[in-house]
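Visitor: When you get a sec, could you give me coordinates for this:
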Amino acid sequence: MICDYNLLMDKAREASKMSYSPFSKFAVGAAVLAKSGKIYAGCNIENSSFGMTICAERCAIFKAVSEGEKEILAVAIYSPNEDDCYPCGACRQVMYEFQGEEEISIITDNKSNLNIRKMSDFLPYGFKI
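Guide: Below is the predicted model of the structure:
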């Protein structure tokens, strides 16, 4: 499937505007392209009980999975606070879990162009059971 990386990043940018980040003031939006061709967006949602916070990437992936998706093809991540906003370790493992036979593309934005990398650049030794 051909991925429109610009469209995916636009959805991530839109999602970042919905961020609930009163503690860190670090808004993040993510958009995932599922194997079905559908796009799911999510934002980071903080909580005063910090362990209950969820990252934008996991929010978007869990929305996709809750709608029956089991394979993610691409993830766009955007923060107005930082160029090339990268996924945390927990998000990297969740992405790996829902990666099909085709390696996930991870798209970031450095404000002048999109950077497209593969999952193995972020988590070379991920695991599945």
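Visitor: just the helices in this structure please.
Guide: Applying DSSP state H to the chain gives helices spanning 5-16, 56-66, 89-97, 119-122.
Visitor: between the second one and helix 5-16, how many degrees?
Guide: By that I understand helix 56-66. With axes from the mean of the first three to the mean of the last three CA atoms, to 10 degrees defining the directions, helix 56-66 sits at 100 degrees from helix 5-16.
Visitor: Give me the angle between helix 56-66 and helix 89-97.
Guide: If you take the same axes, to 10 degrees, helix 56-66 sits at 30 degrees to helix 89-97.
Visitor: Tell me the buried residues in helix 56-66?
Guide: 56-65 (16 or more other CB atoms under 10 Å). For every residue, glycine as well, the C-beta is placed using N, CA and C.
Visitor: how far does that helix sit from the chain's center?
Guide: Relative to the centre of its chain, helix 56-66 is centred 8 Å away, using CA atoms, centre = their mean, to the nearest Å.
Visitor: again, but for the shortest one
Guide: Here helix 119-122 shows a centroid-to-chain-centroid distance of 13 Å under the convention CA atoms, centre = their mean.
Visitor: In contact with residue 14, which residues?
Guide: Neighbouring residues of residue 14 by CB atoms under 8 Å, 6 or more residues apart in numbering: 29, 41.
Visitor: Report pLDDT for the residue nearest to residue 69 when sequence neighbours are not counted.
Guide: Spatial nearest neighbour of residue 69, excluding adjacent residues (CB to CB, 6 or more residues apart in numbering): residue 34 at 4.0 Å. Here, the pLDDT recorded for residue 34 equals 97.
Visitor: how about low-confidence regions in this structure?
Guide: By pLDDT under 70, the low-scoring segments of the chain are 1.
Visitor: coming back round to it: who wins for proximity to residue 38 among the helices of the chain?
Guide: Proximity to residue 38, assessed across these by CB to CB, is greatest for helix 56-66 (7.4 Å).
Visitor: In CSV, could you pull the C-alpha coordinates for the closest one?
Guide: This file holds the C-alpha atoms of helix 56-66, laid out as CSV (Å, rounded to 0.1, in the frame of the first residue of the first chain):
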residue,chain,number,x,y,z
ALA,A,56,0.1,10.0,21.4
GLU,A,57,1.5,7.0,19.5
ARG,A,58,-0.1,4.4,21.9
CYS,A,59,-3.3,6.4,22.0
ALA,A,60,-3.6,6.2,18.2
ILE,A,61,-2.5,2.5,18.0
PHE,A,62,-4.9,1.5,20.7
LYS,A,63,-7.8,3.3,18.9
ALA,A,64,-6.9,1.3,15.8
VAL,A,65,-6.7,-2.0,17.6
SER,A,66,-10.0,-1.2,19.4
